[in-house]
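J.: generate coordinates for the sequence data below:
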Amino acid sequence: MSIDRLIEEGSIHPFNATQDEVDRAIEIARRDLALAEGILGESLDWSYSIAYNAVLQACRAYMFRLGYRPASAEAHKAI
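T.: This is a model prediction of the structure:
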């Protein structure tokens with residue numbers, strides 16, 4: 001699927017993120033990944049859920065860097 005199509009569908013929007021917004025998303029991804037690793041032996045399900053959120057945040061940072069953001073209703077799908 002092309003970026004133009006995602007914009008037409010309303011799944012993503014052009015967005016001029018600041019460096020702070022990009023850095024914050026990366027910071028959250030790193031925090032969540034560390035937490036997921038830390039609880040891996042205690043709760044596999046929660047570890048996977050937290051790791052999934054880390055991936056979402058990392059992808060969100062990448063989208064920000066490219067000049068886009070996901071629509072709130074479509075965030076998981078668009079990312």
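J.: all contacts plus neighbour counts: C-alpha atoms, from now on.
T.: OK.
J.: how about the strands in the chain?
T.: 12-14, 68-70 (DSSP state E).
J.: now the last one, how far from the chain's geometric center?
T.: It refers to strand 68-70. Distance, stretch centre to chain centre, for strand 68-70: 10 Å (CA atoms, centre = their mean, to the nearest Å).
J.: in its sheet, what does it sit against?
T.: Applying DSSP bridges to the sheet, strand 68-70 is found paired with strand 12-14 (antiparallel).
J.: go through the partner strand and flag the buried ones.
T.: By neighbour count on 16 or more other CA atoms under 10 Å, the buried set for strand 12-14 is 12-13.
J.: please apply the same query to stretch 61-79.
T.: 61-65, 68-71, 78-79.
J.: that stretch spans what distance, first to last residue?
T.: End-to-end distance for stretch 61-79, by CA to CA, to the nearest Å: 10 Å.
J.: any idea of the mean pLDDT in it?
T.: The average of the pLDDT scores along stretch 61-79 is 89.
J.: can you tell me which of the buried residues of stretch 61-79 lies nearest to residue 6?
T.: The closest of the buried residues of stretch 61-79 to residue 6 turns out to be residue 78 (CA to CA; 7.7 Å).
J.: what are the boundaries of the helices in this protein?
T.: Under the criterion DSSP state H, the chain contains helices at 3-9, 19-38, 44-66, 75-78.
J.: out of those, indicate the one that is most buried.
T.: helix 44-66 (a mean of 19; mean count of other CA atoms under 10 Å).
J.: elements contacting that helix?
T.: On a contact count with 3 or more CA pairs under 8 Å, 6 or more residues apart in numbering; DSSP states H and E, helix 44-66 meets helix 19-38, strand 68-70.
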